[in-house]
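S.K.: Predicted model and sequence below, questions to follow.
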Amino acid sequence: MRHSQRGQVDPFIVMDVMEAARKAEDAGRHIIHMEVGQPSTPAPEGARRALAAALDQPLGYTVALGLPELRRGIAGLYRRWYGIELNPDRVVVTPGSSGAFILAFAALFDAGDRVALGEPGYPSYRQILRAMSLQPVGIPTRAEDRYQPRPQDLPLDARGLILASPGNPSGTVLRREELAALTARAAELGMNVISDEIYHGLDYGAGFHSALEVTDEVFVINSFSKYFSMTGWRVGWMVVPEAMIRTVERIAQNMFICPPHASQVAALAALDCVEEADANLAVYAENRHLMLERLPGIGFDRIAPPEGAFYIYADVSELTDNSLNFAAEILEKAGVAVTPGLDFDPVRGARTLRFSYARSTADIAEGLDRLAGFMDDYRAAR
């Protein structure tokens, strides 16, 4: 059987690391998971209770853009977080943020269009673009710019721009004035902008701003996966300009019919579970403190400032030029799963690693102890 060219995307390396860790666990080993950006906590209790109460009712198709009450609830979140009065009609509920990216790319771009994105960046941007016959254009970012693109770096011939704040893998945040400058430059160049804001709410003092604060001509993507601790529920959302609502609706009707009804019921209740979500954030804050306190002494001292999300992105070029092998060695010898930077930067990622601190504080502390022992042995062997 003949393969399509657009189907020949790169693997999502962190998922391969997860599989290697699973095999090690099946063999009886205890693995500390610092590879995947997944909270260790369950969905909020209120969300789980709401779904349990709904299970005796039919959970069938909803309208394509999502339950109206959920769309209104998400609009209320923008009022609460950003002071933005958002028309709920502009909110599109999606099967995870991944579904939102597919809808956004289909609505905004034609086959062959070039779409710019900062590197390092979330790897699935590139792979979804390629699978849709679009051409990702990497913008090499710099540590001194917190691994975020600058307006002067935007390519002149791209049709689109993907921004991410807080970024993955860096955890760095775009300030309001930076969002304004980037979106203004993109408008000058005729570029459609997509702003990935999936880690909003996970803030350690730097604050966070939505691109909607500076322009309405943007597709903003978010999800219940991170702040609301609902990764496996696969429910995200997108805010689109009013002129694009019907276009997105038609695509959503045909591609997905609707987001999962059960997940939407839980998501609606989760919006009110702020106390529980903030308690999880306090755990991440403690984990972040531990990481920043101990990683430099262990040997990982060249890191991006982790202003949001739950990641540490480390330059390990003094230790290795093959992050894939280095991560595999850490897993094998220390029982700690970390992500090679090649997932996020195909050019420079062979010299970087990403550490996630989304697990329990006890796990993070043990993982750091194991990393310290590994690095002592690693240095002794060099």
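M.R.: Cool, the structure landed.
S.K.: Just the buried residues of whichever helix in the chain runs longest, please?
M.R.: Across the chain, the helix with the greatest residue count (assigned by DSSP state H) is helix 274-298. Buried residues in helix 274-298, counted by 16 or more other Cβ atoms under 10 Å: 274, 276-277, 280-281, 283-285, 287-288, 290-291, 294-295, 298. (C-beta placed from N, C-alpha, C; glycine too.)
S.K.: now swap in stretch 324-343 and tell me
M.R.: For stretch 324-343, by 16+ other Cβ under 10 Å, it's 324, 326-328, 330-331, 334-343.
S.K.: For residue 166, give its distance to residue 226.
M.R.: 10 Å (Cβ to Cβ, to the nearest Å).
S.K.: intersection of neighbour lists for the two?
M.R.: Residues touching both residue 166 and residue 226 (Cβ atoms under 8 Å, 6 or more residues apart in numbering): 199, 202, 309.
S.K.: neighbouring strands for the helix or strand where residue 117 lies, and are they parallel or not?
M.R.: In this structure, residue 117 sits in strand 114-119 according to DSSP states H and E. Strand 114-119 pairs in its sheet with strand 135-140 (parallel), strand 160-164 (parallel), by DSSP bridges.
S.K.: Show me which of the buried residues of stretch 324-343 is closest to residue 32.
M.R.: Distance to residue 32, by Cβ to Cβ, is smallest for residue 336 among these, at 4.7 Å.
S.K.: distance of that closest one from residue 377?
M.R.: In terms of Cβ to Cβ, residue 336 sits 13 Å off from residue 377.
S.K.: got it, and residue 193?
M.R.: Distance from residue 193 to residue 377, by Cβ to Cβ: 47 Å.
S.K.: Please identify which of the strands paired with strand 114-119 is closest to residue 102.
M.R.: strand 160-164 (13.3 Å).
S.K.: what's the offset of that closest one from the middle of its chain?
M.R.: Remark: strand 160-164 is offset 13 Å from the chain centroid, using Cα atoms, centre = their mean, to the nearest Å.
S.K.: ditto for stretch 358-370
M.R.: Average the C-alpha atoms of stretch 358-370, do the same for its chain, and the two points are 21 Å apart (Cα atoms, centre = their mean).
S.K.: which outside residues touch that stretch?
M.R.: Contact partners of stretch 358-370, identified using Cβ under 8 Å, 6+ apart, comprise 32-34, 36-40, 283-284, 286-287, 290-291, 294-295, 298, 310, 334-336, 357.
S.K.: and that stretch, which residues are buried?
M.R.: Buried residues in stretch 358-370 (16+ other Cβ under 10 Å): 358-359, 361, 363-364, 366-368, 370.
S.K.: from those, which is closest to residue 150?
M.R.: residue 358 (29.1 Å).
S.K.: do you know how far the closest one is from residue 128?
M.R.: Distance, residue 358 to residue 128, by Cβ to Cβ: 23 Å.
S.K.: swap in residue 338?
M.R.: Residue 338 is 24 Å from residue 128, by Cβ to Cβ.
S.K.: Pretty sure residue 207 sits against residue 173.
M.R.: Yes. With contacts counted by Cβ atoms under 8 Å, residue 207 reaches residue 173, the gap being 7.2 Å.
S.K.: those strands in this structure, which residues are they?
M.R.: 32-33, 91-94, 114-119, 135-140, 160-164, 192-196, 219-223, 236-239, 311-315, 336-337, 339-340, 352-356 (DSSP state E).
S.K.: Dump those to TSV, plus mean pLDDT.
M.R.: Listed next are those as TSV, based on pLDDT from 0 to 100:
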stretch	mean pLDDT
strand 32-33	96
strand 91-94	98
strand 114-119	98
strand 135-140	97
strand 160-164	98
strand 192-196	98
strand 219-223	98
strand 236-239	98
strand 311-315	97
strand 336-337	96
strand 339-340	95
strand 352-356	97
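S.K.: between the ones you listed, which gets nearest to residue 304?
M.R.: Among the strands of the chain, strand 311-315 sits nearest to residue 304 (Cβ to Cβ), with 4.5 Å.
S.K.: which other residues reach that closest one?
M.R.: 37, 120, 143, 147, 168-171, 291-292, 295, 300, 302-304, 306, 341, 344, 351-357.
S.K.: Mind doing that once more with 7 Å?
M.R.: Under the contact criterion Cβ atoms under 7 Å, 6 or more residues apart in numbering, strand 311-315 has outside partners 37, 120, 168-171, 291, 295, 300, 302-304, 306, 351-357.
S.K.: Output it as CSV - backbone C-alpha positions only.
M.R.: Output in CSV follows, covering the C-alpha atoms of strand 311-315 (Å, rounded to 0.1, in the frame of the first residue of the first chain):
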residue,chain,number,x,y,z
TYR,A,311,8.8,22.7,32.6
ILE,A,312,12.5,23.3,32.8
TYR,A,313,14.4,23.6,29.5
ALA,A,314,18.1,23.0,30.0
ASP,A,315,21.1,23.5,27.7
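S.K.: that older thread, distance to residue 102 for the strands of the chain - can I get that in a markdown table?
M.R.: Formatted as a markdown table, the strands of the chain follow (distance: least, Cβ to Cβ, whole Å):
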| stretch | distance to residue 102 |
| --- | --- |
| strand 32-33 | 27 |
| strand 91-94 | 8 |
| strand 114-119 | 13 |
| strand 135-140 | 15 |
| strand 160-164 | 13 |
| strand 192-196 | 12 |
| strand 219-223 | 11 |
| strand 236-239 | 10 |
| strand 311-315 | 24 |
| strand 336-337 | 28 |
| strand 339-340 | 23 |
| strand 352-356 | 24 |
